[in-house]
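# quick one, structure for this:
(one chain, ligands or ions: 1)
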Amino acid sequence: MAKKITVPEIRALKTNGRKVAFITCYDYTSATIVEKSDIEMILVGDSLGMTMLGYDGTVGVTVDDIIHHGKAVRRGAPTTFIIGDMPFGSYNESIQQAIHNATRFMTEFGADAIKLEGGVRSAAAVKAIVEAGVPVCGHIGLTPQISSNMGGFKVQGKSMDAANMLLRDAKAIEEAGAFMLMIEGVPATVSKYIRDNINIPVVGIGAGPGCEMQALIMHDMLGFYDWVPKFAKKYANLGPEMLEAFNEYHKDIVEEKFPTTEYSYNTKVEGLE
Ligand code: KIV
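Down below sits the predicted model:
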């Protein structure tokens with residue numbers, strides 16, 4: 001892992017053509033491996049509700065959940081840029097609540113920045129958090145925290161009007177002071193349209209190739225699940241590999257093939273030869 005990427009270096013992606021990879025991560029062991037890899041950025045995402053806790057969506061995730069997992073990730077990845085995801089209900093009650101929770105991510109697990117969902121509707125919270133000294137990544141398009149309003153996890157921005165609404169959201173987040181913007185689940189042409197019309201770098205997830213950065217959910221890209229969304233490339237097939245390992249282990253036990261002397265402490269104990 002190279003030296004930690006910085007906020008000014010992320011801002012510079014807008015013009016210098018460098019591409020950056022972003023991955024979700026929720027635990028110490030995985031974080032140690034991301035830290036050794038070339039991936040520049042980690043998101044302790046509220047997707048941990050699904051990947052770690054078995055929820056149907058992200059809504060039940062709390063600030064304390066993100067901090068709990070964030071602490072483990074920070075211990076595993078001390079020099080990786082980490083963004084903490086503000087969960088549902090943690091930034092819309094009041095400006096004070098938004099600043100308080102964003103600040104907790106910085107002080108309690110050493111986040112480098114926070115991310116929150118929403119365009120125009122979240123601009124006031126973004127502005128206040130940025131003014132409190134916390135770097136903010138916006139998140140527009142398919143925003144899972146309000147996916148029930150969207151009729152589920154559906155591609156957004158499918159008409160010119162909808163694309164222009166997203167651009168309005170993107171500009172509101174830029175003007176509020178965010179240093180980068182996530183765009184999720186939109187046609188590739190739409191993310192490029194937005195990218196070309198704002199001055200902060202864009203990270204896409206399910207948003208095609210026209211973004212300065214790309215993000216994936218770790219569990220999707222490692223192949224833990226049979227089904228993954230269309231945009232998620234599987235770079236490994238760990239689900240089936242783990243299943244095979246578990247079953248081989250079980251078979252070894254049943255057939256008394258494990259542990260052999262190779263896996264035993266063979267110290268001679270006097271009286272027990
Ligand atoms: O919580 C999350 O994992 C996200 C993804 C869209 C990257 O926000």
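# from here on, just use CA atoms for contacts and neighbour counts.
Fine.
# leaving out chain neighbours, which residue sits closest to residue 240?
In this structure, residue 240 finds its nearest non-sequential neighbour in residue 224, 7.4 Å apart by Cα to Cα, 6 or more residues apart in numbering.
# kindly report the same for residue 79.
Residue 79 sits nearest to residue 4 (Cα to Cα, 6+ apart), 5.4 Å away.
# please report the distance of that neighbour from residue 74.
Note on residue 4: its distance to residue 74, by Cα to Cα, to the nearest Å, is 13 Å.
# the two: which has the busier surroundings?
residue 74 (24 against 15; other Cα atoms under 10 Å).
# mind checking what secondary structure that one has?
Three-state assignment for residue 74 (DSSP: H, G, I helix; E, B strand; the rest coil): helix.
# I figured it was touching residue 109, is that so?
Yes - using Cα atoms under 8 Å, residue 74 is in contact with residue 109, at 6.7 Å.
# quick one: low-confidence ranges for the stretch 1-150 of the chain?
Low-confidence segments of the stretch 1-150 of the chain, defined by pLDDT under 70, span residues 1.
# which residue does it have closest to the ligand?
residue 45 (3.3 Å; Cα to the nearest ligand atom).
# now do the phi/psi pair for that residue.
Main-chain torsions, residue 45, degrees, to the nearest 10: phi -90, psi 160.
# without its sequence neighbours, what residue ends up closest to it?
Nearest to residue 45 is residue 85, by Cα to Cα, 6+ apart, at 5.0 Å.
# measure the one you found to residue 240 for me?
Counting by Cα to Cα, the gap from residue 85 to residue 240 is 29 Å.
# would you mind checking the average pLDDT for stretch 159-178?
Per-residue pLDDT values across stretch 159-178 average out to 98.
# before we move on, which element is the residue nearest to residue 79 in?
For residue 4, there is no enclosing helix or strand under DSSP states H and E.
# next, the contact list for it, please.
Counting by Cα atoms under 8 Å, 6 or more residues apart in numbering, residue 4 makes contact with 40, 79, 80, 81.
# quick one: residue 21 is in a helix?
No - judged by three-state DSSP, residue 21 forms no part of a helix; its state is strand.
# and it, bridged to which residues?
Judged by DSSP bridges, the bridge partners of residue 21 are residue 214.
# what's around it, how many residues?
Neighbours around residue 21, by other Cα under 10 Å: 16.
# distance of it from residue 39?
Per Cα to Cα, residue 21 is found 5 Å from residue 39.
# again, but for residue 217
For residue 217, the distance to residue 39 - Cα to Cα - is 13 Å.
# shared neighbours, the two?
By Cα under 8 Å, 6+ apart, the residues touching both residue 217 and residue 39 are residue 23.
# contacting residues for residue 20?
So, once contact is read as Cα under 8 Å, 6+ apart, residue 20 ends up touching 39, 40, 41, 212, 213, 214.
# ok, now with 7 Å
Residue 20 is in contact with 40, 212, 213, 214, counting by Cα atoms under 7 Å, 6 or more residues apart in numbering.
# swap in residue 203?
So residue 203 contacts 181, 182, 183, 211, 212, 213, 214, 215 (Cα under 7 Å, 6+ apart).
# what's the burial count for the residue nearest to residue 217 when sequence neighbours are not counted?
In space, and not counting its chain neighbours, residue 217 is closest to residue 24: 5.1 Å by Cα to Cα, 6+ apart. Around residue 24 there are 25 other residues, counting by other Cα under 10 Å.
# so residue 24 makes contact with residue 214?
No - look at residue 24 against residue 214 with Cα atoms under 7 Å: they stay out of range, at 11.3 Å.
# residues in the chain within reach of the ligand, list them.
With Cα under 6 Å from any ligand atom as the criterion, the chain comes near the ligand at residues 24, 45, 46, 47, 217.
# the fourth one: neighbour count?
One way to gauge burial is a neighbour count; for residue 47, by other Cα under 10 Å, it gives 26.
# for it, what are its contacts?
Residue 47 is in contact with residue 58, counting by Cα under 7 Å, 6+ apart.
# all strands of the stretch 1-150 of the chain, in order?
All strands of the stretch 1-150 of the chain, identified by DSSP state E, counting those that start in this stretch, fall at 20-24, 41-44, 81-85, 113-115, 136-141.
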